[in-house]
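J.: One predicted model, sequence on top.
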Amino acid sequence: PVPHWHQGQHLPGPVSWLKMPAYEDRRFVEIGRVCLVNFGANAGKLVVIINVIDNKRVLIDGPSTVNGIPRQVMPLKRLSLTGIKVNICPGARITTLAKAYAAAEVPKKWAESSWAKGIAKRAAKAQLSDFDRFKVMVARKTRARVINSIVKKSLKKK
């Protein structure tokens, strides 16, 4: 018997598991996963998952000695999982967490990520004064003028 999609029908759609990233690249809610707080008073700070309470809440810590976020329960809706992981046991103490946090070089890895660079770029753009925005506009126009003149010259040569 020939499959139905060989009889003039369309081929089956793309299989979702073929598009999944490799196992190592997936971001799971797991103990030691570094997360970015995306809502509330601590928004924009990194925290580490210490324990998973249920499918909606986790126990997190800053560690408080590093960035001042005390151990607390936080809903997963307020967290964005990063690709960084710290090697700790469930319910690790603050000193153990701080050592593992430093050993994993979390601040360095975070600063090198494109996600952190984008956040820093948006923050720098928000801090610009009116005159700084004007200078950026003029520089953009100047660059466009130079590029357009080069493109026009190359088109005339053909």
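T.: Happy to help now that I have it.
J.: how about the helices of the protein, start to end?
T.: 64-67, 94-103, 106-112, 114-126, 130-157 (DSSP state H).
J.: Same question for the third one: list its buried residues.
T.: Read it as helix 106-112. 106, 110 (16 or more other CB atoms under 10 Å). (Each C-beta comes from the backbone N, C-alpha and C, glycine too.)
J.: chain center to stretch 91-109, what's the gap?
T.: Relative to its chain's centre, stretch 91-109 lies at 19 Å (CA atoms, centre = their mean, to the nearest Å).
J.: which outside residues touch that stretch?
T.: The set of residues that contact stretch 91-109 without belonging to it, under CB atoms under 8 Å, 6 or more residues apart in numbering, is 32, 34, 46, 48, 50-51, 59, 61, 63-66, 71, 84-89.
J.: hmm, try it at 6 Å
T.: 34, 51, 61, 63, 65, 84, 86, 87, 88 (CB atoms under 6 Å, 6 or more residues apart in numbering).
J.: re earlier: for the helices of the chain, which one sits closest to residue 80?
T.: Ranking those by proximity to residue 80 (CB to CB) places helix 114-126 first, at 8.6 Å.
J.: tell me the phi and psi of the nearest residue to residue 62 once chain neighbours are set aside?
T.: If you skip the residues right next to it in sequence, residue 62 has residue 69 as its closest partner in space, 3.2 Å away by CB to CB, 6 or more residues apart in numbering. The phi/psi pair for residue 69 (degrees, to the nearest 10) reads phi -90, psi 110.
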